[in-house]
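Asks: Predicted structure and sequence below. I'll ask about it afterward.
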Amino acid sequence: MRIYRRRLPHWDAPGVPVFVTWRLWGSLPVGRAFQREHLTSGEAFVAVDRLLDTARTGPVYLRQPEIARLVREQLREVVAGGLCSIEAYAIMPNHVHVLWTPEVSLPALLREVKGPTARNANRLLGRSGAPFWQAEYFDRMVRNAAEFGQIRRYIEWNPVKAGLVARPEEFPWSSAWRG
C-alpha cells in the first residue's frame with residue numbers, strides 16, 4: 001500500500017475496493033473553504049457533496065447526455081481493459097461517484113478515465129485549453145462489507161437525494177438504472 005498526499009491524503013492499494021468522487025473544474029463556489037479542525041474528512045466530504053448536489057452556479061456539463069455517455073463508456077472501457085471492476089457509479093451533473101476495485105494504481109486508473117473524457121468532452125463542448133475535471137479527488141478505502149453496502153447505497157441514491165429522480169433505477173447515468 002502506498003500513501004501519498006496532494007491537497008488531500010490518498011491511500012493506494014490495488015485489489016482493495018475504494019470509493020472515489022471527482023468533480024468538474026469550477027463546480028464549487030470560489031473561496032469556499034472548510035475549516036479542517038472542525039470537520040472530519042467524512043464530514044467535509046458530505047458538506048462538499050451537498051454543495052455539489054445543490055449547486056446553482058458552475059458547470060453542469062455532465063447533465064448533457066452526450067457528455068455523461070462519454071464518462072459511462074470510459075468507465076466500461078477501464079473495466080473491459082482489466083484495470084478495475086466497478087460495483088456502483090453515479091454520473092451527477094457536476095461530479096462522479098464510483099465504487100470500484102482497482103487492479104492498477106488509483107492515480108493511473110483515474111488518468112485512464114479523466115484524461116480521455118476531458119479531451120472528448122472539451123471537443124464536444126468546443127472548448128480548448130480549459131480544464132474539464134478538478135485535479136484533486138476524494139477517495140476512501142472500503143474497510144468492510146457493511147461499509148461497502150452503505151457506500152453502494154449512498155452512490156445509487158445520490159440522484160434521488162439531489163432531486164433528479166424519484167427512484168435510483170430511473171437515473172440513466174447510474175449503476176442502478178434499469179432502462
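Replies: That came in fine, so what should we check first?
Asks: what sits against residue 104?
Replies: 14, 83-84 (CB atoms under 8 Å, 6 or more residues apart in numbering). For the C-beta atoms, the positions are set from N, CA and C on the backbone; glycine is no exception.
Asks: and of these, the nearest to residue 166?
Replies: Proximity of the contacts of residue 104 to residue 166 was ranked by CB to CB; the top entry is residue 84 with 30.4 Å.
Asks: Could you measure from the closest one over to residue 93?
Replies: Per CB to CB, to the nearest Å, residue 84 is found 24 Å from residue 93.
Asks: Where does pLDDT dip in this protein?
Replies: Where the chain drops to pLDDT under 70, the residues are 1-11, 29-42, 44-45.
Asks: Helices along this protein, start to end?
Replies: Ranges of helices within the chain are 41-53, 65-80, 106-125, 145-161, based on DSSP state H.
Asks: can you list those helices in TSV and add distance to residue 175?
Replies: What follows is these, written out as TSV (distance: least, CB to CB, whole Å):
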stretch	distance to residue 175
helix 41-53	17
helix 65-80	9
helix 106-125	15
helix 145-161	6
